[in-house]
Structure formats: structure tokens, C-alpha cells
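In: model this:
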Amino acid sequence: VELNVHALGNFSLAKNLALTAFYSSLGLSKNGARAKPIGAGPTHLNLAMRQPLWTNKTIDIKSLINKSEKRFSFLSNRKLAIRDNSIPECELIGNADFDRVHKLNNLTHTIVIAGYLAGSCAVHFALARGYPLIAEIISGARFGANLVMQPEKILQNKELIAKIKRIFVFGKPTLSHQLNDLVTHANAQVIVISKAAKQHYNPNYKVQHFFRAIQYAPLSAIDLDWLNLWITPKRYSHSPRKDANNKITRHELVSEILQVTNSNDLIFLGASRILRDFDYFAGRTNAKIYTNRGLSGIDGVIASSMGAAVSHQLNRQKQNIITRAVVGDITFLHDVGSLFLGFAEAKPKIQLIVVNDFGGSIFKQLPVAKIADSELFNRVLLTPHNIKICSLAKAYNWTYSCPKSVLELRNVLKKPFNHPMIIEILVD
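Out: Got it, this is the predicted structure:
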């Protein structure tokens, strides 16, 4: 059940949801009748009241708790075993019609956004219609002449944003607050094209239409003036440094990995800063790039990457296929037990690249860093450490390397190997 509970002051919907969950935990339906065959048990609610870790305002927790105890005191007054027909049903919010195919009209000043699992159809659509394409690194649509380079910079152009009249979204964007803000605040029609009817993209319930597919024909006359506003500014692009003896930066790491990865190889990215590094620094690429999305946490990333590596090798039936998993140090440590390879298990051909900045540095980039108590921020979010990655590699019988320069990194990535290996990259 999807409810617009996060709308400010919308207490009645929150109350309805709380009542529904309360009775569900008792094995009762929404009208108080016995629910079969589910029975009683725990009820899990995910309530997105606001963007987590994305505020510059301090929050009075004690005041919130006091208000909540008073406003939800009605739950403690309910009798558990009676039928109560007065409990209202929860309302479904949204007008999604996934059985229809959208027939495109010729509205100008349109852009295309490609999120997770969008695929090449987003590219073909943007090219055929002459629309600028903003594609996340995990969209499978990070190529084509209409790709917008460095969109996080061009999206700061408020005059350009104000001209947008329509936004097509393919897949589910998950990486950028800027894209969510664009969809939420732009004075534009928003249309989502998605094959999946569940967990559709709808930030702050601003999407007007959902469709499974779209019918369109190529435009005979493309609006080049509109397209060129998005794809030609050279000031939004950059290249890594040329000196191969330089210390490895995040930009050079992304560039070297993409250059050495061929069409048969696989890249598996960690879910935090690493993923956003690739999204920021990578240009056009048709590399196979995967990650764990959903709750977007760091749980099980090593296990997922190893499973993906074994599966990819079996499907391709080639011995020279390489999987490169790129993770941060906290992600690595969180799932370090997955390095264990049993004697009877298939050995994946994998390079596990650990980008080590000795803590959760992504939190420094969020507004919470400006308001949190420094001691608590350091302990709870940054979680600094001095763990020796090389010792863990030895303990789990993985090959280990720690290149110090771009040239050393390039040689390690290209060097043939037959045993799972860990490549540690020390960065600031």
C-alpha cells in the first residue's frame, strides 16, 4: 500500500495506515475480521517522511516523541479482539495505468531521464526524437550522441530548467537528488515508461502518467537549438590527468577501469560513494555495469558480485571473462565473510577493487555533516578504522596488490590472473 503520508500535516492518512498495521499484526483484516490464512505476526512499515540525511535543519527528537505519544494514543485504547467496522480503508494514491501504451505528441522542450534498468530503448527514443538524454551509470543507456555530459552541473542552470515542458523517465533513477528535485519542482509534464508495475518511480507523487510502453515515430525536423543547449557546452566535461606516474585519484580509477573493460566483461559497483564516482566521472560507455539497488545499502555486495561473476562466466562459457567489483572500504568490511571460498565452490575470475579512504567519506558530502555533533558524526557515520586489507586478503587466500600510481594500476588491471584477487587503492 502506497500512501502519501509524508505530505506535511497529512495526519489522517498516517492514522489510517497505523490502524491497518495494528490490526494486521493481530491477524485481523482492515474491518476487524479474522484474516486467513495469514494469521498474526510482525508488521513492517517503511515510512519515508523526508529524505534521510538530507536536511540542514536540526530536529528536536524529544518534542517529536512527545507529540507522537499524544497523537497515537488512540492505539492503546483499542480493544484487541472485537470487530470494529469504523476503521477506514487505506487509499491507493496515484493514477498509474500500466495496461496502456502512451501515444506521443510533439510537445517541444522535452528531456529524457534513464534510471536503473532503463536499457537501450531510452537511447533510441531520445535519438529518434532529438531529446537530450540524462542517463545514470547503471541505466544501460549511457551512450549515444544525445547523452548529456556532467548533468549535475548543467542542472544548476535555472533558466534552462525553467524551459522544460515535459520529462520522460525510463526505468527508476536512484542516484541523484538533483534528478528527484527536477522531477518534483519543474513546471513540466512527467511521464514514466516502465515495464514493472511495482515500485515505480514517483518522487513526491509528482508523476502524472505511467505507461508500459510508448509509441513514437522519428521527428523529421529536430529542434537542434534545444538539443544543443544540453549536449554541446564543453565547460561541463573534463578528462583525467595525463601523467601515468601520478597518484591514483577517483577520476583516474574510474577511467582506467572503463578503458580495460571489454564488451564481455562485467563491472559490479558498491552502493555508496563508488557508484556516484562512476556516475560523475564516466562518459559514454556501453560496459555492463551492475549494482544492488532497492534499499541501496551495503549489505552483501561482495557476495552479490561473486555470484554475478560465476553466473556471467557460465552464461558466456568463456574462460577469459573478468568481473571487476569496485567497493569502498566500509562496504568491503561489512561483507568480508563473503571472501570465504569453499573447496567445492566455483572460483570466480574476479578483481575486487577496494577503494580505501579509511571510513565512510560519502557522509561528508551530505548536509547532515554540517549539523551533526562532530564526535557522534565521526563515530556513527564516518566510522574510521585502521584495518589491514592485505591481512584479510591473506587470511582468505586471495591474491593481493596495492598499486600506488596510475601506471601500476593499469598494469595490475591488465595482467592475466587465474585466482580471485583484491586490489587496494588508497585515496584521500
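
In: Show me the shaky parts of the stretch 51-200 of the chain.
Out: Across the stretch 51-200 of the chain, the ranges flagged by pLDDT under 70 are 51-105, 196-199.

In: now swap in the stretch 201-350 of the chain and tell me
Out: 232-243, 294-296, 317-319.

In: Show me the strands in it, by range?
Out: 209-211, 213-215, 266-269, 289-291, 323-328, 350-356 (DSSP state E, counting those that start in this stretch).

In: To residue 122, which of the ones you listed lies closest?
Out: Closest to residue 122 of the strands of the stretch 201-350 of the chain is strand 213-215 (Cβ to Cβ; 10.2 Å). No exception for glycine: its C-beta is placed from N, CA and C like everyone else's.

In: Could you list the paired strands of that closest one along with their orientation?
Out: strand 101-103 (parallel) (DSSP bridges).

In: bridging residues for residue 28?
Out: residue 34.

In: neighbours of it, just the number please.
Out: The tally of other residues near residue 28 (other Cβ atoms under 10 Å) stands at 23.

In: From the contact counts, what lies against the host helix or strand of residue 376?
Out: Following DSSP states H and E, one finds residue 376 within helix 374-376. Of the remaining helices and strands, none touches helix 374-376 by 3 or more Cβ pairs under 8 Å, 6 or more residues apart in numbering; DSSP states H and E.

In: I'd like the average pLDDT over it.
Out: Computed over helix 374-376, the mean pLDDT rounds to 87.

In: which helices and strands does the helix or strand containing residue 391 pack with?
Out: Using DSSP H and E, residue 391 maps to helix 389-395. On a contact count with 3+ Cβ pairs under 8 Å, 6+ apart, helix 389-395 meets strand 399-401, strand 421-426.

In: now with 10 Å?
Out: Applying 3 or more Cβ pairs under 10 Å, 6 or more residues apart in numbering; DSSP states H and E, we find helix 389-395 packed against helix 329-334, strand 350-356, strand 399-401, strand 421-426.

In: roughly how far is it from the heart of the chain?
Out: Offset of helix 389-395 from its chain centre (Cα atoms, centre = their mean, to the nearest Å): 30 Å.

In: hmm, back to that, make a markdown table out of the helices and strands packed on helix 389-395 and add mean neighbour count and distance to residue 148.
Out: Shown next, in a markdown table, are the helices and strands packed on helix 389-395 (neighbours: other Cβ atoms under 10 Å; distance: least, Cβ to Cβ, whole Å):
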| stretch | mean neighbour count | distance to residue 148 |
| --- | --- | --- |
| helix 329-334 | 23 | 28 |
| strand 350-356 | 24 | 26 |
| strand 399-401 | 17 | 36 |
| strand 421-426 | 20 | 28 |
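
In: need the contact list for the most centrally placed residue in the chain.
Out: Centroid check for the chain by Cα atoms, centre = their mean gives residue 174 as the closest residue, at 3.5 Å. Residue 174 is in contact with 115-116, 136, 138-139, 180, 201, 271, 275, 291, 293-294, 296, counting by Cβ atoms under 10 Å, 6 or more residues apart in numbering.

In: Buried among these? Need that as a selection in PyMOL.
Out: Buried residues within these, by 16 or more other Cβ atoms under 10 Å, are selected in PyMOL with:
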select buried, resi 115+116+136+138+139+180+201+271+275+291+293
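
In: How about residue 426, nearest residue that isn't a chain neighbour?
Out: Using Cβ to Cβ, 6 or more residues apart in numbering and skipping residues adjacent in sequence, the residue nearest residue 426 is residue 356, 5.5 Å away.

In: Then residue 229?
Out: Closest to residue 229 by Cβ to Cβ, 6+ apart is residue 160, at 6.0 Å.

In: how far away is the residue nearest to the centre of the chain from residue 135?
Out: Applying Cβ to Cβ, to the nearest Å, the value for residue 174 to residue 135 is 13 Å.

In: Give me the common contacts of those two.
Out: Common neighbours of residue 174 and residue 135, using Cβ under 10 Å, 6+ apart, are residue 115.

In: hmm, back to that, just so I know, which of the strands of the stretch 201-350 of the chain lies nearest residue 149?
Out: Here strand 289-291 is closest among these (Cβ to Cβ), at 17.1 Å.

In: what helices or strands is the closest one leaning on?
Out: So strand 289-291, by 3+ Cβ pairs under 10 Å, 6+ apart, packs with strand 266-269, helix 273-281, helix 301-316, strand 323-328.

In: make it 8 Å
Out: By 3+ Cβ pairs under 8 Å, 6+ apart, strand 289-291 packs against strand 266-269.

In: buried stuff in the strand it packs on?
Out: 266, 267, 268, 269.

In: right, and the residue nearest to residue 426 touches residue 428 too?
Out: No. Here residue 356 does not reach residue 428: they are 10.6 Å apart, not a contact under Cβ atoms under 8 Å.

In: which residues does residue 107 contact?
Out: 165, 166, 189 (Cβ atoms under 8 Å, 6 or more residues apart in numbering).

In: so which of those would you say is closest to residue 249?
Out: For the contacts of residue 107, the nearest to residue 249 is residue 166 (38.1 Å; Cβ to Cβ).

In: Any idea how many residues pack against the closest one?
Out: Counted with other Cβ under 10 Å, residue 166 comes out at 19.

In: So what pairs up with it in the strands?
Out: residue 110, residue 189.

In: That one is in contact with residue 191, isn't it?
Out: Yes. The pair residue 166 / residue 191 is scored as a contact, 7.1 Å apart, by Cβ under 8 Å.
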